[in-house]
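>>> Provide a 3D model corresponding to the input given below.
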Amino acid sequence: MTARALIIGAPRSGSGKTSVTIGLLRAFARRGVKVRGIKTGPDYIDPGFHEAATHLPGLNLDSWAMAPDLLRHLARGQAEDAELLLIESAMGLFDGIVSEKNRSGAASDLARLFHLPVLLVLDVSGQSQTAGAIAYGFAHYDPGVKIAACILNRAGSERHSKLSGDAIQAAGIPVVGTVLRDPSLILPERHLGLVQASEHPEMDAHIERLADAMEASLDLDAIYAAAKPFNIPVGSTERSLRPPGQRIALAQDAAFTFLYPHLMREWRSVGAEIVPFSPLADQAPPADCDVCWLPGGYPELHAGKLAGAENFKTGLARFAETKPVHGECGGYMVLGETLEDAYGVTHAMTGLLSHRTSFAKRRMNLGYRQAELAKDSPLGRKGDTIRGHEFHYASVVSPGTDAAFATIADGGGKLIGPTGGRRGLVSGAFFHAIARG
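As a prediction, this is how the structure comes out:
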């Protein structure tokens with residue numbers, strides 16, 4: 001089976017791409033189409049919504065962090081047994097960093113690499129005929145990126161829709177429907193952006209409403225026809241992140257919610273076994289595992305419960321005496337001595353590393369990172385470069401006395417300095433690993 005594929009892009013964040021994508025995923029699934037979602041960039045929230053809409057695993061494809069051959073490999077895997085791939089852009093379609101050609105992190109890189117058309121979502125609130133100029137600009141900005149059609153989003157009335165749509169079509173770009181302004185279609189938000197799909201108590205009902213809106217507002221047949229057959233060359237796993245062990249104890253509950261979907265898929269594909277356990281349920285990593293991974297999440301929301309999870313803390317310390325333990329972002333915070341929550345209350349963490357973190361003293365840290373490993377670790381060998389991402393508001397209020405885990409630079413190669421910590425077999429950093437450099 002050869003899937004068809006289409007990129008869903010927009011001029012900026014907040015245009016409604018995610019709601020449109022989720023609604024389309026469910027609407028096509030209702031029709032019996034085997035549809036899957038992909039999110040461009042390092043956003044780890046939206047693949048969970050894609051999975052909730054399709055009941056099939058989501059995927060991130062990041063053109064800065066992932067080499068082209070790895071992108072091809074992962075994309076082909078997502079296309080297996082699928083009829084339609086909807087690839088949701090992060091931010092604006094052309095938004096990325098200054099980097100080598102087609103390695104900017106922008107969704108437009110994938111449009112060029114995979115020769116895929118773009119379905120442009122235009123938020124037309126506060127404008128009408130000007131939407132035609134915006135669409136025209138997108139259609140002519142880059143000859144390597146084809147705009148197949150437009151969706152008008154958040155139109156205030158049928159008249160508003162006609163004024164905007166006529167201007168766009170006069171510019172030679174098809175319009176495949178209009179979604180009228182409806183506050184009930186907006187996804188909820190929290191301090192790190194959108195609430196994760198697993199946290200929304202009525203997520204399936206919300207997705208059903210989105211699908212209803214897309215079915216009523218958009219020409220699904222025209223959208224399917226705009227997608228292009230997804231025939232791309234075979235890729236390679238050479239730059240993929242190797243599994244940190246054969247049996248991986250993975251912290252997994254409301255405090256530890258995030259590991260990039262492609263990592264779990266690739267680790268399992270080469271024979272690694274992932275064994276989940278719950279620190280919030282006071283479970284220790286299983287002793288028959290050979291590495292423990294504490295992923296990102298929201299430990300600051302559960303700091304009191306984690307502080308009281310004595311079996312988890314003592315069991316993790318016992319595990320770390322003979323086997324590697326690694327923490328990313330939230331996991332790194334839990335490996336430290338203390339965590340101050342948003343209310344200024346300080347909670348004792350595992351103390352396996354000596355740093356202290358605070359969510360009360362907030363400062364956003366966001367961006368691509370290149371990490372050169374200081375020593376052998378679950379992420380790779382000493383001197384290896386790992387590409388990844390940081391997104392957190394928590395701050396290190398005391399760096400502690402541990403040796404640095406890695407030296408990091410930003411996406412453009414500008415040196416930032418030492419990051420994270422390591423002591424014995426324990427390591428961690430705010431850095432989320434995506435792929436080998």
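>>> how about P295: what's its closest non-neighbour residue?
L259 (4.4 Å; Cβ to Cβ, 6 or more residues apart in numbering). All C-beta spots, glycine's among them, are computed from the backbone N, C-alpha and C.
>>> the one you found reaches L294, doesn't it?
No: look at L259 against L294 with Cβ atoms under 8 Å: they stay out of range, at 10.0 Å.
>>> can you pick out the residue with more neighbours from those two?
More crowded of L259 and L294, by other Cβ atoms under 10 Å: L294, with 29 against 23.
>>> got the domain ranges for the protein?
According to automatic domain parsing, the chain comprises the domains 4-229, 247-436.
>>> contacting residues around A211?
Residues in contact with A211 (Cβ atoms under 8 Å, 6 or more residues apart in numbering) are 23-24, 26-27, 30, 53.
>>> ok, back up a step: can you check what pLDDT the model gives the residue nearest to P295?
Per-residue pLDDT puts L259 at 91.
>>> quick one: it and P42, what's the gap?
L259 is 13 Å from P42, where distance means Cβ to Cβ, to the nearest Å.
>>> now P399
With the distance defined as Cβ to Cβ, P399 ends up 25 Å from P42.
>>> same thing with H55?
According to Cβ to Cβ, H55 stands 24 Å off from P42.
>>> of those two, who's got more company?
Using other Cβ under 10 Å, the more surrounded residue of H55 and P42 is P42, with 23 against 9.
>>> so that one makes contact with D62?
Yes: counting by Cβ under 8 Å, P42 touches D62, with 5.4 Å between them.
>>> quick one: common contacting residues for these two?
Shared contacts of P42 and D62, defined by Cβ under 8 Å, 6+ apart, comprise 105, 389, 434.
>>> out of these, which sit inside helices?
Judged by DSSP state H, helices contain none of the shared contacts of P42 and D62.
>>> quick one, what contacts Y141?
F94.
>>> rerun that using 10 Å as the cut-off
Residues in contact with Y141, defined by Cβ atoms under 10 Å, 6 or more residues apart in numbering, are 93-94, 108, 147.
>>> how about L113?
Applying Cβ under 10 Å, 6+ apart to L113 gives the contacts 61, 63, 68, 71-72, 75, 102-103, 144, 232.
>>> before we move on, what about G132?
Counting by Cβ under 10 Å, 6+ apart, G132 has contacts 122, 150, 163-173.
>>> got a markdown table for those, with pLDDT too?
Shown next, in a markdown table, are the contacts of G132 (pLDDT from 0 to 100):
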| residue | pLDDT |
| --- | --- |
| L122 | 98 |
| C150 | 98 |
| L163 | 97 |
| S164 | 97 |
| G165 | 97 |
| D166 | 98 |
| A167 | 98 |
| I168 | 98 |
| Q169 | 97 |
| A170 | 97 |
| A171 | 94 |
| G172 | 96 |
| I173 | 97 |
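>>> narrow these to those that are buried.
Those of these that meet the buried threshold are 122, 150, 163-165, 167-168, 171, 173, by 16 or more other Cβ atoms under 10 Å.
>>> tell me which entries of the residues you listed lie within helices.
163-165, 167-168.
>>> any chance of those residues in a markdown table, with distance to G16 too?
Converted to a markdown table, these look like this (distance: Cβ to Cβ, whole Å):
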| residue | distance to G16 |
| --- | --- |
| L163 | 19 |
| S164 | 14 |
| G165 | 16 |
| A167 | 19 |
| I168 | 16 |
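>>> related to what we said a few turns ago, who touches both of L259 and L294?
Common neighbours of L259 and L294 (Cβ under 10 Å, 6+ apart) are 250-252, 328, 331.
>>> D221: which of these is nearest?
Q252 (40.2 Å; Cβ to Cβ).
>>> tally of neighbours for the residue nearest to that closest one when sequence neighbours are not counted?
Here the nearest residue to Q252 in space, its sequence neighbours aside, is P276; by Cβ to Cβ, 6+ apart that works out to 4.0 Å. Taking other Cβ under 10 Å as the neighbour definition, P276 ends up with a count of 13.
>>> state the distance from T54 to I232.
For T54, the distance to I232 equals 21 Å [Cβ to Cβ].
>>> more neighbours: which of these two?
Higher neighbour count among T54 and I232: T54, with 22 against 17, using other Cβ under 10 Å.
>>> relative to F277, how far out is that one?
Applying Cβ to Cβ, the value for T54 to F277 is 27 Å.
>>> what stretches of the protein score poorly on pLDDT?
Counting by pLDDT under 70, the chain has low-confidence residues at 1, 188-201.
>>> run through the helices of it in chain order.
17-30, 46-54, 68-79, 107-114, 130-141, 158-170, 203-217, 220-226, 261-269, 303-307, 310-320, 330-335.
>>> what's the nearest residue to S128 if we skip its chain neighbours?
What sits nearest to S128 in space, not counting adjacent residues and going by Cβ to Cβ, 6+ apart, is L163, at 4.0 Å.
>>> for the one you found, what are its contacts?
With Cβ under 10 Å, 6+ apart, L163 has these contacts: 124, 127-132, 155, 157.
>>> do the same with I22
37, 46, 49-50, 52-54, 86, 88, 185, 187, 197, 203, 206-207, 210-211, 214.
>>> repeat that with 6 Å
49, 53, 207, 210 (Cβ atoms under 6 Å, 6 or more residues apart in numbering).
>>> once you drop chain neighbours, what's closest to the second one?
In this structure, A53 finds its nearest non-sequential neighbour in L25, 3.9 Å apart by Cβ to Cβ, 6+ apart.
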